[in-house]
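Need a 3D model of the sequence below.
(chains A and B)
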Amino acid sequence: MDTIHFLMSGFATAIQPANLLFAFIGCSLGMLVGMLPGIGPIAGIAILLPVTFYLDATGAIIMLCAIYYGAMYGGTITTVLFNVPGEGSSAITALDGYQMAKQGRGSSALGIAAIGSFIGGTFATIVLVFAAPLLGRVALRFGPPELFALLLVGLTLLIGLGSRSVLLSILSGLLGLAIVIPGTDLFTGTTRLTFGRNELLDGINFVPIIMGLFGLGEILHHAHGKVVETFATGKTKSSFSKSDLKESKWAIARGSIIGTVLGIIPGIGTVAPTLVSYAVEKRVSKTPEKFGKGAIQGVAGPETTNNAYANAAMIPLLTLGIPASPTLAILMGAFLINGLQPGAALFQENPTLVWGIIASLFIGNLILLVMNLPLVGVWVKILQVPYHILFPLILVFMLVGSFSINRSIFDIWILIGFGIFGYVAKLLDFPLVPITLTVILGPILEKSLRQSLQMSGGSLGILFRSPASTSFILIAMTIVLIPICLAIYRKVRKIKKNSILQVIAE
Amino acid sequence: MNENLWKEMENSMKGKKLLTLGIAIAWIFSSVVYSIAPANAAWKPSGPITLVIPYGAGGSTDIIGRLLAKSMEKYFNVPVVVENVAGGNGAVGAQRVYNAKPDGLTIAMLSGSIQTIIPPTTAIGFEPFNMSYIASTHESVAARFVSKKSGFKTIQDVIAAGKIRYLIDVTSGGYGLPDLGTALLSKKNGGIKYRPLATTGGAESVLRLLSGDADMGQNSASTTVAHIKTGDLIPVLIESASWPLLEDMGIPKSKDLYGYTITNPSAVVGPPGLPALTRLEIQKAIKAALDDPTVKANMEKTFEMVRFKTGPQAKGIAVAARNSYLPVLRSVGKVLIK
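Residues are numbered from 1 along each chain as shown, chains lettered A, B, ... in the order given. Okay, here's the model as predicted:
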């Protein structure tokens, strides 16, 4: 009952006109920075950090939180419309969202993303309200061995995704791992393949890689192909239908759960949950062959997941004072400069503020939905802008976006290099999804495995230290071994059948 | 021509010569004065100033840098733009400023690592000490913490355990000040057994301590204060020169017990060759910011030790810190052979 009472008092704070205005401004700015490739919520929140000195703490933090989850949806718009995932968390949406836009179903993709984001975000916030302290303790039990085992499940689920050949997928995945080798070794401090360039000391940022592989690669592909004026001229739908919602309802439900559960685990990052969601949707689908060709569940699942994740990641921040992502680290900075220390004590010391922020998450999600559903028709109109105008504009945004991540010309070269690679790969039908996966998950996988081995003094036994990690390892082994066993069984049966036929023939 | 007239003419000529000489001297003098005058006058930025923060947004250096930028804007009446140029523990952003034109329009705020521990241990291709030191705004605090789950209460408990078994020492990745602190602690106590558990930063290292995956670790204030209050993290040794909150709790200092101090000084620097008057004027602007009680109070919300130091003082502190670290870095084989 106390929780309900606190939540109600939180709503009383959140619906004050000034706080509603801050939530609205935050959502709008978040969408804007999410839409601009490369300029994500990190930049958006960082730029507005000093503003918080001049605002009341609750209003300031409500606005910064709204930028954070607003950006999650904003990134979807450019991904669906132009195949330019400005944020890592939207990368997997490119596979089906962009295909849907090309088929004139861009409004369905954006509409379902808006609804999924609302449901996912709201679900995670309900969980935050009723189970935050309990889940905070769960997060503590999730150490490097558990994280490694979980990522292993994710990777095994994703093998062969969107590819005609498992071997090519593995090759592509290994290439992705090679790309993330350069940098400073986290464990020894020595440099790896940096060739004396300080830009490589922290490795290669994955955002220009993804923008290059998908966005620039696509533009080059169009420039090379036959001249077409616009996407799907004349057959673009301007609204989405109830049947879209019907087709996606289970994907949204699963996405809400996946995003919320993985959001509680610090260190998993914003991208992995969306990848897991996509893989799960493809595995459970009765028509997996439609994935990568415009399956609406391929958009609904990951998009629901990323907003559920964004809201659930507030749990470790508010209960433990642990920011689960770089964006949340900045948000934590905003708490600090307002003289607040995120952590369990904050609920006791400043309940008005904490519950005001939690209530604003509900309101912010609603604002996003109300803003975006009517805008879907406007966004898809952009697709009718002729290519010769649209593509140079997208190119400029990508170049500026790549540069703005670290104010580095080097990142522009990365974008161009991977753009050319993406174009050639498309010509050769070489799978790009595994590269993306390993570029994003590779460093987390390496870190968690090496951390585990450091803790155990080199013994792999640590990977089985808890029921969670043991279960994940067994699941991963099952996913890999079942198709191999089935293939062997079929081959043996075929050989046996042939030999029996041979005996009969003789 | 009579003699008088001649003399008169001569006098007149002399007068003209004297007049010409006088005018020439006056012209030279005024030229010299004119050319010197702007140099003696206060330096004024000819355009927006870029303050490079060579780390990601949201950390204490970033927050203090942004507050400083706001204050400098008022002082100089030009925009002061904060740019986060992260990478290589500060090396990428520092090098950007190192290579900039020394006109006072591009400066950086460095934290301790890039001045003290990164140059001898990583090939970064430039020497931060060659940069023009303008001032320092703060010094970071550091202390050694143990988890409540570890059962340790004092630093002596930690050392005693380290004589028997391997302790898991959580660090912030690469080879940084937390690693150096542990190496010093071990050296001063005749060797303790430990394995470093590298993480990507303060928040993750606190998480590993809270979960019990690590036994001890050196951390700064921003990620630990909430857990000190709840008793989930137990401070056992102050490793920086000071940390008032922990001193009030009676936590001992490493300097008193073991004779070492971890110094993590910040510095605002410009490219090498920054003119002295430009440096002094920016130093004045920084002092004005720290003299403003509101700005200082906001900076102190990061829990860092906010205090003004001049450029030469800041450099002196950083040089002394690096020199004190070098023998330990050599003994653990971390110094690069150049």
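
which residues of the stretch 51-200 of chain B fall in strands?
B:80-84, B:106-110, B:132-139, B:143-147, B:167-171, B:194-198 (DSSP state E, counting those that start in this stretch).

now for those, which one comes closest to A:Ser108?
Among those, the nearest to A:Ser108 by CB to CB is strand B:80-84 (37.9 Å). Every C-beta, even on glycine, is put in place using the N, C-alpha and C of the backbone.

So is that closest one next to chain A?
Yes. Strand B:80-84 lies within reach of chain A by CB under 8 Å from any CB of the partner chain, at B:83-84.

related to what we said a few turns ago, ranked by average pLDDT, which of the strands of the stretch 51-200 of chain B falls at the bottom?
Of all these, the minimum mean pLDDT falls on strand B:80-84 (a mean of 87).

ok, which residues in the stretch 51-200 of chain A are in contact with chain B?
Counting by CB under 8 Å from any CB, the stretch 51-200 of chain A sits next to chain B at A:53, A:139-144, A:184-189, A:191, A:196, A:198-199.

and these, which are buried?
A:53, A:139-140, A:142-144, A:184-187, A:189, A:191, A:198-199 (16 or more other CB atoms under 10 Å in any protein chain shown).

Take these and keep only those in helices.
Mapping those onto helices (DSSP state H) picks out A:139-140, A:144.

from the residues you listed, which single one is nearest A:Tyr489?
Nearest to A:Tyr489 out of these is A:Pro144 (CB to CB; 36.2 Å).

check contacts around that closest one.
Shown in contact with A:Pro144 (CB atoms under 8 Å, 6 or more residues apart in numbering or on different chains): A:447-449, A:451-452, A:455, B:213.

Now with 7 Å, please.
Contacts for A:Pro144 (CB atoms under 7 Å, 6 or more residues apart in numbering or on different chains) come out as A:448, A:451-452, A:455.

Out of these, grab the one that's most surrounded.
Within the contacts of A:Pro144, A:Gln451 tops the neighbour count with 28 neighbours, counted by other CB atoms under 10 Å in any protein chain shown.

sec struct for that one, please.
Classification of A:Gln451 by DSSP: H, G, I helix; E, B strand; the rest coil places it in helix.

Not counting residues beside it along the chain, what's closest to it?
Nearest non-adjacent residue to A:Gln451, counting by CB to CB, 6 or more residues apart in numbering or on different chains: A:Pro144, 3.8 Å away.

Quick one, grab the pLDDT at that neighbour.
A:Pro144 carries a pLDDT score of 92 in this model.

same deal with B:Ser254?
For B:Ser254, pLDDT reads 96.

do the one 5 residues further on as well
Model confidence at B:Gly259, given as pLDDT, is 92.

Just give the nearest non-adjacent residue to it, would you?
Closest residue to B:Gly259 apart from its sequence neighbours, by CB to CB, 6+ apart: B:Lys188 at 6.6 Å.

so that neighbour touches B:Asp256, yeah?
No. B:Lys188 lies out of contact with B:Asp256 (CB atoms under 7 Å); the separation is 11.9 Å.

closest to chain B among the ones in helices among the buried ones among the residues of the stretch 51-200 of chain A next to chain B?
The shortest approach to chain B among those belongs to A:Leu140, at 4.3 Å (CB to the nearest CB).
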